[in-house]
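J.: only geometry, no sequence info:
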């Protein structure tokens with residue numbers, strides 16, 4: 001370090017020791033973690049650091065970066081031809097136990113201008129970020145290509161006679177990484193960034209990481225999506241325009257029904273469409289059908305604004 005004349009590795013260890021002792025003495029439940037890049041910067045390659053943290057967030061993305069020289073997978077997995085997330089975990093595991101490693105995955109990709117349609121083409125400019133949910137829409141127009149080396153999807157198109165390639169992650173590629181997290185008994189997974197994803201991703205997360213009951217045979221579960229019809233519940237940012245609380249309640253209810261049905265429960269719903277139902281009718285419906293459990297779904301508002 002040019003300011004202190006000492007090693008940055010020593011300085012970060014000293015800082016983390018002070019931080020750990022200060023916070024844990026104040027409250028042992030305080031959680032301490034830091035993030036490292038996929039290459040695992042040299043300063044973090046230090047076995048002694050593990051005693052001062054609860055977790056390390058490994059940023060398993062930007063293996064091909066926005067200003068990189070070629071197109072390619074942002075988060076390659078089990079790739080025989082390049083350094084990938086598996087290599088990153090193994091490198092980090094030289095210094096930290098797997099029980100401390102959280103594998104971060106991207107809810108985004110990069111769209112690069114490039115010299116040709118071929119995978120790995122040289123870029124002709126800086127790439128632009130593409131949210132996962134927008135990439136899913138774009139492939140409906142351009143077509144999805146699966147890269148069998150990096151185990152990630154991509155698509156290509158031409159704009160003003162110039163080729164573009166967008167590499168990103170979707171439900172299939174993320175599912176492979178989630179399986180890897182489980183098989184290696186890592187501390188968990190994380191995302192950059194919330195709000196970039198499609199709702200289907202959360203069904204995948206639940207499937208991969210939550211141990212749901214597998215046999216609810218004989219159980220009758222009544223799901224009651226709150227509000228509906230003329231009862232909007234909390235209004236969204238567009239007032240009575242879609243979506244409002246009633247819409248979220250119904251969406252969650254239908255997803256929950258699928259999960260419980262897969263566990264062999266008999267699932268009934270007070271409403272499956274946007275209709276108005278009185279509170280009394282909801283209870284009567286559940287009782288008349290012999291429900292063992294009644295689940296009422298609602299979303300509260302936040303603050304004094306119209307945000308949900």
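T.: On my side now, so go ahead. Only a predicted model underlies this, so the values are computations on that prediction, with no experimental measurement involved.
J.: what ranges do the strands span in the stretch 201-308 of the chain?
T.: Taking DSSP state E, counting those that start in this stretch as the test, the strands found in the stretch 201-308 of the chain are 220-225, 266-269, 293-297.
J.: Compile the ones you listed into JSON lines and extend it with columns for mean pLDDT.
T.: Converted to JSON lines, these look like this (pLDDT from 0 to 100):
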{"stretch": "strand 220-225", "mean pLDDT": "97"}
{"stretch": "strand 266-269", "mean pLDDT": "97"}
{"stretch": "strand 293-297", "mean pLDDT": "96"}
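J.: Minimum distance to residue 68: which of those strands has it?
T.: strand 293-297 (44.5 Å; Cβ to Cβ). In this view, the C-beta of every residue, glycine as well, is placed from N, C-alpha and C.
J.: So for residue 33, which of the strands of the stretch 201-308 of the chain sits nearest?
T.: strand 293-297 (32.6 Å).
J.: How far off centre is the closest one?
T.: Relative to its chain's centre, strand 293-297 lies at 27 Å (Cα atoms, centre = their mean, to the nearest Å).
J.: list the buried ones in that strand?
T.: The neighbour-count check on strand 293-297 (16 or more other Cβ atoms under 10 Å) flags 294, 295, 296, 297 as buried.
J.: Give me the residues contacting that strand.
T.: 219-226, 249, 252-253, 256, 282-283, 286 (Cβ atoms under 8 Å, 6 or more residues apart in numbering).
J.: ok, now stretch 68-88?
T.: Contacts of stretch 68-88 (Cβ under 8 Å, 6+ apart): 38-40, 58, 60-64, 103, 105-106, 108-110, 112, 114, 119-123, 127, 147, 149-152, 154, 165, 167-169, 173, 176-177, 180.
J.: What segments of the stretch 201-308 of the chain are helices?
T.: 245-262, 279-288 (DSSP state H, counting those that start in this stretch).
J.: Return the most buried member of the ones you listed.
T.: Among the helices of the stretch 201-308 of the chain, helix 245-262 has the highest mean neighbour count (mean count of other Cβ atoms under 10 Å), at a mean of 18.
J.: how far does it sit from the chain's center?
T.: 20 Å.
J.: ok so, going back, pick out the most distant pair among the buried residues of strand 293-297.
T.: 294 and 297 (10.8 Å).
J.: quick one: pLDDT of residue 72?
T.: pLDDT recorded at residue 72 is 98.
J.: any idea how far it lies from residue 171?
T.: For residue 72, the distance to residue 171 equals 20 Å [Cβ to Cβ, to the nearest Å].
J.: Tell me the buried residues in stretch 178-197?
T.: Neighbour-count burial for stretch 178-197 [16+ other Cβ under 10 Å]: 178, 180, 181, 186, 187, 189, 190, 191, 192, 196, 197.
J.: Now do stretch 251-271: distance from first to last residue.
T.: Using Cα to Cα, to the nearest Å, the end-to-end distance of stretch 251-271 comes to 11 Å.
J.: Residue 235 is in contact with residue 243, correct?
T.: No - if you go by Cβ atoms under 8 Å, residue 243 and residue 235 don't touch, sitting 9.8 Å apart.
J.: what is the mean pLDDT for stretch 149-156?
T.: 98.
J.: so which helix or strand takes in the closest residue to residue 205 other than its chain neighbours?
T.: Distances taken as Cβ to Cβ, 6 or more residues apart in numbering put residue 178 closest to residue 205, at 7.4 Å, once the chain neighbours are dropped. Following DSSP states H and E, one finds residue 178 within helix 171-183.
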